[in-house]
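In: sequence? don't have it. structure:
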């Protein structure tokens, strides 16, 4: 198993950035690590400014739906395993609030 | 900072969108009010309701015809160790049946057989009275409620709004709430005739929780700050086992369910089946509190597994037996959302690292039988309310409580709204709150909020958790004061952007968590006995003179605790 993985994350803060950019993070690998856990690690240990959703870890809230290596999937259900490079982007770049957070349909009249 | 904030008017404002918040919205809407539900997350995926596996109690007596509301009342009060607010229990046990029928009317399909509900018997309940749906009862309830809400034109739902404080009028009535629209970072005011808090518990003040990171006790803290009373904050329920490793699934329940489904055994790092020492008769299947304390003791005394838990092992069973149960009970290797094989947890070969976790706050905002607080205009529903469950909550009583309390709160909030004219805004309060909230963005101390949060969580876990004592509680109070006075002012954010700034929210949540931590610690120190979920190793006995409740309020900006008699229902049985 690789000792670390390199995660390339879509970053965009409409208040600060003219256009989106990608940021690289090196993550020490844990056994059976999910992509959501990688993002939590970044937020807790490296960059508290990273924005993403996802609260349940077990595929129920579905709020961590993202584009992972081009494929739309839940970050909590997607495992790093032996992947050395992972690219993470928002599920829909037209709905971005910030970074990986997109607007979710609410209930307005 | 000086830009004018948006003001939205509504008859009834509901803060929180779990099962209680959503049901309260339906009720107030039914009564003709315009309703706004705000949530710091996403409407029906916020809080912890949607994670509830099973079950939801109501004394239908379908599976066991002997059941009735009176028996249900007695079980609930007995489980609560006789310090429940019995008036609330009376309402829950008599109205539970109607609330289940409401859910059915909104489209929920409870498990049935031959036209009758299937009801399961859980510990502490004399009869089988738990209704359920698959292993996702909570999820089915919130999905049903949101569907009903979407049909109603007088209900508005707002995602990503973090309420930072309630707003009061000149005559000290609650007239809504203020906070941040997280998507834009702008300050927003909801002016309301009635406000219902439905923000759930504060399990996040502990290192290990079975819930989500959203349970930071915002409602307790907001209510406290406008002078509302809280009660029973010393009573926090811990469940014996959640997953501790892999970290990706820390706090989830699925892997730990093999404790019951496969009668798995618990071992410490020395491979001792330690339950022998604590409960030779019932072993791993003793009640939640006994098993949680046993596991915690093993961990505390240095016999923990590599990631701080203990081993849960069913490999004494033949692999084909395990496979058979896995197929039958879980329908495959995904246990409550956790794919065991993906996470290296092939329980035919390996043991799982598990340990206890904070699960539910019995304590909360003090209400009357209209679920109205002592501050006019302020109501509460669901877990954020104190008194219903006394010193310990029975399984299956949380979900039904959300429904019963929400209907009462929604009905009376709407009734009040009908009688009132438009409340007036107090500009000064808004300016002051805006200043408090926006100053956080400018702080320059360099201390990360995540570290401060971990400090509180570790402290509460070790000193105010499963096993407490006068000593640990006093230490905790001293440390909490230090964190509040020395650490919090040094916290600054990585980014001062206002757009969906999670750290900004975390600082505000942290201040709420500190208020809750102080309440729980002070009440636990004052209660010189052990009762239900509150266990003090220095006073391990339950004492008759403590058939009392501890009320917490604010006087001259200081936290005050008073001891009051338990509210008894008329015609109650004598336990």
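Out: All right, it came through fine. Everything quoted here is computed from the prediction, not taken from an experiment.

In: Residue B:65: which element?
Out: Under the assignment given by DSSP states H and E, residue B:65 is not contained in any helix or strand.

In: Phi, psi for it please.
Out: Residue B:65 has phi and psi values of phi -60, psi -10 when expressed as degrees, to the nearest 10.

In: Also residue B:441?
Out: Here is the backbone geometry of residue B:441 (degrees, to the nearest 10): phi -70, psi -20.

In: That one reaches residue B:499, doesn't it?
Out: No: Residue B:441 lies out of contact with residue B:499 (C-beta atoms under 8 Å); the separation is 11.4 Å. Where you see a C-beta, it was placed from the backbone N, CA and C, and this is true even at glycine.

In: So which of those two has more stuff around it?
Out: residue B:499 (21 against 18; other C-beta atoms under 10 Å in any protein chain shown).

In: In this structure the more buried one contacts residue B:185, no?
Out: Yes: if you go by C-beta under 8 Å, residue B:499 and residue B:185 touch, sitting 5.1 Å apart.

In: Overlap in contacts, these two.
Out: By C-beta atoms under 8 Å, 6 or more residues apart in numbering or on different chains, residue B:499 and residue B:185 have these common neighbours: residue A:15.

In: all helices of the stretch 201-350 of chain B, in order?
Out: For the stretch 201-350 of chain B, the helices defined by DSSP state H, counting those that start in this stretch cover B:218-225, B:258-261, B:275-278, B:288-300, B:319-325.

In: Any regions of the stretch 51-200 of chain B where pLDDT drops low?
Out: Of all residues in the stretch 51-200 of chain B, none has pLDDT under 70.

In: quick one: the strands in it?
Out: B:56-57, B:112-113, B:116-117, B:130-131, B:155-158, B:161-168, B:174-181, B:186-197 (DSSP state E, counting those that start in this stretch).

In: Next: the stretch 201-350 of chain B.
Out: Using DSSP E, counting those that start in this stretch, strands in the stretch 201-350 of chain B cover B:230-231, B:236-243, B:265-267, B:310-313, B:334-335, B:338-339.

In: between those, which one is nearest to chain A?
Out: strand B:338-339 (5.7 Å; C-beta to the nearest C-beta).

In: Parallel or antiparallel, which strands does the closest one pair with?
Out: strand B:334-335 (antiparallel) (DSSP bridges).

In: How far off centre is the strand it pairs with?
Out: Distance, stretch centre to chain centre, for strand B:334-335: 24 Å (C-alpha atoms, centre = their mean, to the nearest Å).

In: can you list contacts of it?
Out: So strand B:334-335 is contacted by B:254-255, B:257-258, B:340 (C-beta under 8 Å, 6+ apart).

In: Walking through the stretch 51-200 of chain B, point out its helices one by one.
Out: Under the criterion DSSP H, counting those that start in this stretch, the stretch 51-200 of chain B carries helices at the ranges B:69-79, B:86-105, B:137-150.

In: For residue B:469, which of the ones you listed is the nearest?
Out: Nearest to residue B:469, of all those, is helix B:69-79, at 24.7 Å by C-beta to C-beta.

In: what is the orientation angle of that closest one with helix B:86-105?
Out: Here helix B:69-79 runs at an angle of 120 degrees relative to helix B:86-105 (axes from the mean of the first three to the mean of the last three C-alpha atoms, to 10 degrees).

In: Show me which parts of stretch A:62-72 are buried, residue by residue.
Out: A:63-68 (16 or more other C-beta atoms under 10 Å in any protein chain shown).

In: can you redo those as TSV with pLDDT and secondary structure?
Out: Formatted as TSV, the buried residues of stretch A:62-72 follow (pLDDT from 0 to 100; DSSP: H, G, I helix; E, B strand; the rest coil):
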residue	pLDDT	secondary structure
A:63	95	coil
A:64	96	coil
A:65	96	strand
A:66	97	strand
A:67	97	strand
A:68	97	strand
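
In: closest to residue B:401 among those?
Out: When those are ranked by distance to residue B:401 (C-beta to C-beta), residue A:63 comes first, at 25.6 Å.

In: which non-adjacent residue is nearest the residue nearest the centre of chain B?
Out: In chain B, the centroid-proximal residue (C-alpha atoms, centre = their mean) is residue B:201; its distance is 3.0 Å. Leaving aside its sequence neighbours, residue B:201 sits nearest to residue B:361 (C-beta to C-beta, 6 or more residues apart in numbering or on different chains; 3.6 Å).

In: Need the phi and psi values for the one you found.
Out: phi -100, psi 110.

In: residue in the stretch 101-250 of chain B nearest to chain A?
Out: For the stretch 101-250 of chain B, C-beta to the nearest C-beta, closest residue to chain A: residue B:157, 3.3 Å.

In: What's opposite that residue in the beta bridge?
Out: Residue B:157 has the following beta-bridge partners by DSSP bridges: residue A:107, residue B:37.

In: and it, what is it in contact with?
Out: Per C-beta under 8 Å, 6+ apart, neighbours of residue B:157: A:106-108, B:17, B:25, B:36-37, B:39, B:43, B:149.

In: Type out the ChimeraX command that picks the buried ones from these.
Out: Selecting only the buried entries of the contacts of residue B:157 in ChimeraX, with 16+ other C-beta under 10 Å as the criterion:
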select /A:106,107 /B:17,25,36,37,39,43,149
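
In: would you turn the contacts of residue B:157 into JSON lines with distance to residue A:31?
Out: Converted to JSON lines, those look like this (distance: C-beta to C-beta, whole Å):
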{"residue": "A:106", "distance to residue A:31": "38"}
{"residue": "A:107", "distance to residue A:31": "41"}
{"residue": "A:108", "distance to residue A:31": "44"}
{"residue": "B:17", "distance to residue A:31": "35"}
{"residue": "B:25", "distance to residue A:31": "43"}
{"residue": "B:36", "distance to residue A:31": "45"}
{"residue": "B:37", "distance to residue A:31": "40"}
{"residue": "B:39", "distance to residue A:31": "35"}
{"residue": "B:43", "distance to residue A:31": "35"}
{"residue": "B:149", "distance to residue A:31": "42"}
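
In: tell me the pLDDT at the nearest residue to residue B:256 once chain neighbours are set aside?
Out: Closest residue to residue B:256 apart from its sequence neighbours, by C-beta to C-beta, 6+ apart: residue B:241 at 3.8 Å. Note for residue B:241: predicted pLDDT of 96.

In: wait, residue B:241 sits on residue B:354?
Out: Yes: Residue B:241 is in contact with residue B:354 according to C-beta under 8 Å; the separation is 4.1 Å.

In: Pull up the overlap in contacts between these two.
Out: Common neighbours of residue B:241 and residue B:354 (C-beta under 8 Å, 6+ apart) are B:256, B:259, B:295, B:312.

In: which of those has the most neighbours?
Out: In the shared contacts of residue B:241 and residue B:354, the most neighbours by other C-beta under 10 Å go to residue B:312, 29 neighbours.

In: Name the residues linked to it by a beta bridge.
Out: Assigned bridge partners for residue B:312, using DSSP bridges, are residue B:266, residue B:352.

In: State the number of residues packed around the residue nearest to residue A:68 when sequence neighbours are not counted.
Out: Nearest in space to residue A:68, with sequence neighbours left out and distances taken as C-beta to C-beta, 6+ apart, is residue A:78 at 5.3 Å. When neighbours are defined as other C-beta under 10 Å, residue A:78 has 21 of them.
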